[in-house]
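**Q** My questions are about this predicted structure, shown below with the sequence.
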Amino acid sequence: MNAAVASSSALAAPFVEGLARQELRFQRCTACGTAQTLARHACAHCGANTLQWETARGTATLHALTVVSRAPSDAFRALAPYTLVIAELDEGPRLMAHAEPGLRIGERVRAGFFAHEGRTLVRFAREPG
Amino acid sequence: MTNSSPPTAWITGVGGTAFGRHEGQGALDLMAQAAQQALQNAGLQRTDIDGLLCGYATTLPHLMLSTLFCERFSLDPAYAHSVQLGGATGAAMLMLARELVRSGRCRRVLVVAGENRLSGQSRDSAIQTLAQVGDPDYEVPNGASVPAYYGLMASRYLHETGTTEADLAEFAVLMRANAARHPGAHLTAPITVADVLASKPIAAPLKLMDCCPISDGAMALVVSAEPGDGPRVAMTGAGQAHRHQHLSAMADVMQCGAAVAAQRAFAEAGLGVADIDHLGIYDSFTITLTMLLEEIGFAPRGGAARRLRHGDFGADGPLPLNTHGGLLSFGHCGVAGGMAHAVEVFRQMTGQAGARQIARPRHAFVHADGGVMSSHVSLILSQEPSP
């Protein structure tokens, strides 16, 4: 089953469609070059509304990390405890995602993908060497 | 009063239910109880109210909660609507009520919120509703929850400041001790730092006792153009900041917007941190309280727990904090949970705090945040001498 998961808005559709193709997409401002966290209608830095989608390499540094023991729904209870992180992609944007256990803030990681409840989600793993 | 400065707005009455479980009571039932108390406390009749601001209720989603409440409670105001700003809603309503009074639009504004957040829905339902403050494409699909957002934020704050889990736990213990002195508090059984550290893991580094409970309850305040007959409580400053909605977009965990909102309020009041002798600070999690105290400047970075252990934030210390027990122990029923801090400040300032009354504060600082430290509202309440 590969039913497309609808994004909540046209704005974020390239990100959600990218995940389905195992690509990490983000917007970059064509005016000032700032890479955007989340999907924006205008650049968070300079306010220009000329943003273009790019695909990230997938390498990142861990910015924040939690282990969720109390899952919010049955769909995630089966995975608990699971590690959620905010990673800073090397291109600049921050991204919330899953991660392998045992990582620490500041560690170098690389994005992988897994299917869950019909969606493709990101799971970071330690970057070898 | 000069022509250049708008008139003062005053808090003249407050009311509220106990927080905890109110089986069978709906949001409007609870709101009505709090509103009735506030009117009595302010010495007003229904017909005296010409402005009504209410929050939202997750258990009663309605397009026009303010009008619905006015019908049920038999109010006929000239101005009314609801406000939605997550946990900052209560403080935002008080700020707006002040503006309505100072502009001359209203003379007496009733601010009210309440809901049966505990008994009116399943715990999963409550947790999933709250998780929607996350981004629907980037965050929520990961199985994130509000505690997970705060756990992530806490991990970064601990990393940057050296704050420990035991430091966070101190705030849960203090809030519980304060709540034990309030007859309306949800959680009153004494706890220790060891209890907090040993409590069930929720979203590391946060454990169950680092998180506020979900409660039923309601709170109400009256903001007026004229001070009351008794001790006078003026709203001398207010400020907001809104730098992000989602945790992913919080640029710097050390500058989330709290200090910006606070500086706007201090500038308006002509006061500073050193003038404040009482605190009512939003405390959805222990990390919330720690970050707000340190960013606003009531403690050095990484030093909030040190001040607490020194006794500074205790009810008998120089800077009493959430003497009702805060969200962490008085309880959290949504919008009203964030209003309870202001209600308590008013009671302490006017000598209405009963057995937990302390020396009446001169200048109190009230702060609330909505989302994940996303929306910030600071208020300064000052006791003014009677003429």
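**A** Received, thanks. Numbering: from 1, shown residues only, chains lettered A, B, ... in the order given.
**Q** Shouldn't B:Ser66 be within a helix?
**A** Yes - counting by DSSP: H, G, I helix; E, B strand; the rest coil, B:Ser66 falls inside a helix.
**Q** Near it, how many other residues are there?
**A** As a burial measure, B:Ser66 scores 20 neighbours (other Cβ atoms under 10 Å in any protein chain shown). Heads up, the C-betas are built off the backbone N, CA and C, glycines and all.
**Q** ok, now which ones touch the residue lying closest to it once chain neighbours are set aside?
**A** Closest residue in space to B:Ser66, ignoring its immediate chain neighbours: B:Ala80 at 4.3 Å, by Cβ to Cβ, 6 or more residues apart in numbering or on different chains. By Cβ atoms under 8 Å, 6 or more residues apart in numbering or on different chains, B:Ala80 lies in contact with B:51-54, B:66-67, B:70.
**Q** Top of these by number of neighbours, please.
**A** Busiest of these [other Cβ under 10 Å] is B:Cys54, holding 29 neighbours.
**Q** Tell me what that one is bridged to.
**A** B:Ser82, B:Val112 (DSSP bridges).
**Q** for chain A, what are the nearby residues on chain B?
**A** B:124, B:127-128, B:131, B:135-139, B:141-145, B:147-148, B:151-156, B:159, B:200-206, B:246-249 (Cβ under 8 Å from any Cβ of the partner chain).
**Q** Give me the buried entries from the residues you listed.
**A** B:127, B:131, B:135, B:137-139, B:141-145, B:147-148, B:151-156, B:159, B:201-206, B:246-249 (16 or more other Cβ atoms under 10 Å in any protein chain shown).
**Q** Which of the residues you listed fall within helices?
**A** B:127, B:131, B:147-148, B:151-156, B:159 (DSSP state H).
**Q** Make CSV from these and add distance to B:Glu344 to it.
**A** Conversion of these to CSV gives the following (distance: Cβ to Cβ, whole Å):
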residue, distance to B:Glu344
B:Ile127, 27
B:Ala131, 29
B:Pro147, 25
B:Ala148, 29
B:Gly151, 28
B:Leu152, 30
B:Met153, 26
B:Ala154, 25
B:Ser155, 31
B:Arg156, 31
B:His159, 33
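**Q** so which helix or strand takes in the residue nearest to B:Ser66?
**A** strand B:79-82 (DSSP states H and E).
**Q** what does B:Val233 give?
**A** strand B:232-242.
**Q** can you put the ones in helices among the buried ones among the residues of chain B next to chain A in JSON lines and add pLDDT and distance to B:Arg362?
**A** Shown next, in JSON lines, are these (pLDDT from 0 to 100; distance: Cβ to Cβ, whole Å):
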{"residue": "B:Ile127", "pLDDT": "75", "distance to B:Arg362": "40"}
{"residue": "B:Ala131", "pLDDT": "74", "distance to B:Arg362": "41"}
{"residue": "B:Pro147", "pLDDT": "95", "distance to B:Arg362": "37"}
{"residue": "B:Ala148", "pLDDT": "97", "distance to B:Arg362": "40"}
{"residue": "B:Gly151", "pLDDT": "98", "distance to B:Arg362": "37"}
{"residue": "B:Leu152", "pLDDT": "98", "distance to B:Arg362": "38"}
{"residue": "B:Met153", "pLDDT": "98", "distance to B:Arg362": "33"}
{"residue": "B:Ala154", "pLDDT": "98", "distance to B:Arg362": "33"}
{"residue": "B:Ser155", "pLDDT": "98", "distance to B:Arg362": "38"}
{"residue": "B:Arg156", "pLDDT": "98", "distance to B:Arg362": "36"}
{"residue": "B:His159", "pLDDT": "98", "distance to B:Arg362": "38"}
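**Q** which residues in the stretch 251-387 of chain B form strands?
**A** Taking DSSP state E, counting those that start in this stretch to define them, one finds strands in the stretch 251-387 of chain B at B:278-281, B:363-370, B:375-384.
**Q** helices or strands up against the longest one?
**A** Yep, that's strand B:375-384 we're talking about. Under the contact criterion of 3 or more Cβ pairs under 8 Å, 6 or more residues apart in numbering or on different chains; DSSP states H and E, the helices and strands touching strand B:375-384 comprise helix B:89-102, strand B:232-242, helix B:258-269, helix B:335-349, strand B:363-370.
**Q** please redo it, this time with the cut-off set to 6 Å
**A** Applying 3 or more Cβ pairs under 6 Å, 6 or more residues apart in numbering or on different chains; DSSP states H and E, one finds that strand B:375-384 makes contact with helix B:89-102, strand B:232-242, helix B:258-269, strand B:363-370.
**Q** In a markdown table, list the strands of the stretch 251-387 of chain B along with mean neighbour count, mean pLDDT and distance to B:Ala267.
**A** Listed next are the strands of the stretch 251-387 of chain B as a markdown table, based on neighbours: other Cβ atoms under 10 Å in any protein chain shown; pLDDT from 0 to 100; distance: least, Cβ to Cβ, whole Å:
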| stretch | mean neighbour count | mean pLDDT | distance to B:Ala267 |
| --- | --- | --- | --- |
| strand B:278-281 | 26 | 98 | 19 |
| strand B:363-370 | 27 | 98 | 13 |
| strand B:375-384 | 26 | 97 | 10 |
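**Q** So which of those is nearest B:His242?
**A** B:His242 sits nearest to strand B:375-384 of all the strands of the stretch 251-387 of chain B, at 5.2 Å, using Cβ to Cβ.
**Q** Only alpha carbons, please: show that closest one as PDB.
**A** Provided in PDB are the C-alpha atoms of strand B:375-384 (Å, rounded to 0.1, in the frame of the first residue of the first chain):
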ATOM      1  CA  SER B 375       3.200  33.100  23.100                       C
ATOM      2  CA  HIS B 376       4.200  35.200  26.100                       C
ATOM      3  CA  VAL B 377       2.200  37.600  28.200                       C
ATOM      4  CA  SER B 378       3.600  39.500  31.200                       C
ATOM      5  CA  LEU B 379       1.500  41.500  33.600                       C
ATOM      6  CA  ILE B 380       2.500  43.800  36.500                       C
ATOM      7  CA  LEU B 381       0.000  44.200  39.300                       C
ATOM      8  CA  SER B 382       0.700  46.900  41.800                       C
ATOM      9  CA  GLN B 383      -0.900  47.700  45.100                       C
ATOM     10  CA  GLU B 384      -1.800  51.300  45.100                       C
END
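**Q** So in that sheet, which strands flank that strand, and in what orientation?
**A** Here, using DSSP bridges, strand B:375-384 pairs with strand B:232-242 (antiparallel), strand B:363-370 (antiparallel).
**Q** got a list of what the residue nearest in space to the middle of chain B touches?
**A** Central residue of chain B (Cα atoms, centre = their mean): B:Gly338, 2.4 Å from the mean position. Counting by Cβ atoms under 6 Å, 6 or more residues apart in numbering or on different chains, B:Gly338 touches B:87, B:90, B:282, B:368.
**Q** go on, B:Gly280?
**A** So B:Gly280 contacts B:341, B:345, B:366 (Cβ under 6 Å, 6+ apart).
**Q** Do you know the pLDDT at B:Ile130?
**A** To be clear, residue B:130 is Leu; Ile isn't right here. We note a pLDDT of 78 for B:Leu130 in this prediction.
**Q** Packing partners of the longest helix anywhere in chain A?
**A** Secondary structure of chain A per DSSP H: the longest helix is helix A:13-20. Packing contacts for helix A:13-20, counted by 3+ Cβ pairs under 6 Å, 6+ apart, involve strand A:25-29.
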